[in-house]
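Trainee: Fold the following, please.
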Amino acid sequence: MNETATFDECCSYVAALMQDKAHLEVEQPAPAITISRQAGARGRTIGKKLQYALRDGSPKDPIPWTCFDEDLVEKVLKDHDLPTSLAKFMPDDSVSEIDSMINEILGRHPSLWTLFEQTVETMVHLCHMGHCILVGRGGNIVAEGLSNVTRVRFVGSLPQRINQMVKAHGMSPKEAKHYIKHEDHARQRYMKNHFDCDVEDPLHYDLVINTDHYSDEAVVQIVLSGVAAK
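Mentor: Numbering: from 1, shown residues only. Okay, here's the model as predicted:
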């Protein structure tokens, strides 16, 4: 099973939204979900399984639930008519001041800050449209105050997350530990530098789930219950 939405899937989602005029005109937008995750807490895998579960639960819905993870960057570039070569300047991390300065000196357009603003704009638009799962990039902060969005964070103990990376990606325990620490710090920097907030603060989420204690399927059911209850 492919664990990331293809760009075609994402485009199909947007096309369906544009065709469903009745959906766009309702006052209450359809539900949406944001996922924040510690590295190795199975966020990407669970996000995709959540997409399948939501689609199975509403097979006749004209707007298919779609999980935007790595494809979010492609969606942003497409929305704003930007070259795909800019994707490398849009990591799920904070771009250093030196890199930002080089970007300006070389005259790359748009600026890195503009790329960030356009990312936020696309995420807000998707949240208002509904039936989307946004993974990472501060989606929980972007969606703060939107009543249709359920904001979820997946966490886990370091030993369990190391074990997950070893099993899922064939890393050695040492490689997995280094990767996890690097990714967690990168995401912390992104949230602090772009939104001035602590990614670990539970008040920024509706649900915080320790995936050590639940299977992927159990986590999906917990999130589905949260979405239905909101």
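
Trainee: tell me the mean pLDDT over stretch 220-229?
Mentor: Average pLDDT, stretch 220-229: 96.

Trainee: ditto for stretch 38-51
Mentor: Per-residue scores along stretch 38-51 average to 94.

Trainee: Just the C-alpha atoms of it, please, in CSV.
Mentor: Written as CSV, here are the backbone C-alpha positions of stretch 38-51 (Å, rounded to 0.1, in the frame of the first residue of the first chain):
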residue,chain,number,x,y,z
GLN,A,38,7.3,13.1,16.3
ALA,A,39,9.6,11.3,14.0
GLY,A,40,9.0,7.5,14.1
ALA,A,41,5.5,7.9,15.7
ARG,A,42,4.0,6.5,12.5
GLY,A,43,2.2,9.7,11.6
ARG,A,44,2.6,9.3,7.8
THR,A,45,1.4,5.7,7.9
ILE,A,46,-1.6,6.5,10.1
GLY,A,47,-2.5,9.5,8.0
LYS,A,48,-2.8,7.4,4.9
LYS,A,49,-4.8,4.7,6.7
LEU,A,50,-7.1,7.4,8.1
GLN,A,51,-7.6,8.6,4.5
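
Trainee: Give me the buried positions along stretch 152-167.
Mentor: V152, R153, F154, V155, G156, R161, I162, N163, Q164, M165, V166 (16 or more other C-beta atoms under 10 Å). No exception for glycine: its C-beta is placed from N, CA and C like everyone else's.

Trainee: contacting residues around that stretch?
Mentor: The contact list for stretch 152-167 (C-beta atoms under 8 Å, 6 or more residues apart in numbering) reads 33-43, 46, 140, 171-173, 175-177, 179-180, 202, 204-212, 219, 223, 226.

Trainee: Repeat that for stretch 203-218.
Mentor: Contacts of stretch 203-218 (C-beta under 8 Å, 6+ apart): 36, 41-42, 45-46, 49, 140-141, 144, 150-157, 160, 197-198, 202, 219, 222-223, 226, 230.

Trainee: can you tell me the distance between the two ends of it?
Mentor: Using C-alpha to C-alpha, to the nearest Å, the end-to-end distance of stretch 203-218 comes out at 23 Å.

Trainee: returning to that earlier point: sitting in strands, which of the contacts of stretch 152-167 do you find?
Mentor: Applying DSSP state E to the contacts of stretch 152-167, the entries found in strands are I33, T34, I35, S36, R37, L207, V208, I209, N210.

Trainee: Which other helices and strands does the longest helix anywhere in the chain contact?
Mentor: Ranked by residue count, the top helix of the chain under DSSP state H comes out as helix 173-195. Counting contacts by 3 or more C-beta pairs under 8 Å, 6 or more residues apart in numbering; DSSP states H and E, helix 173-195 packs against helix 158-169.

Trainee: relative orientation of the helix it packs on and helix 173-195 in degrees?
Mentor: 110 degrees (axes from the mean of the first three to the mean of the last three C-alpha atoms, to 10 degrees).

Trainee: Where in this structure is the helix or strand with the lowest mean pLDDT?
Mentor: helix 97-105 (a mean of 46; mean pLDDT, DSSP states H and E).
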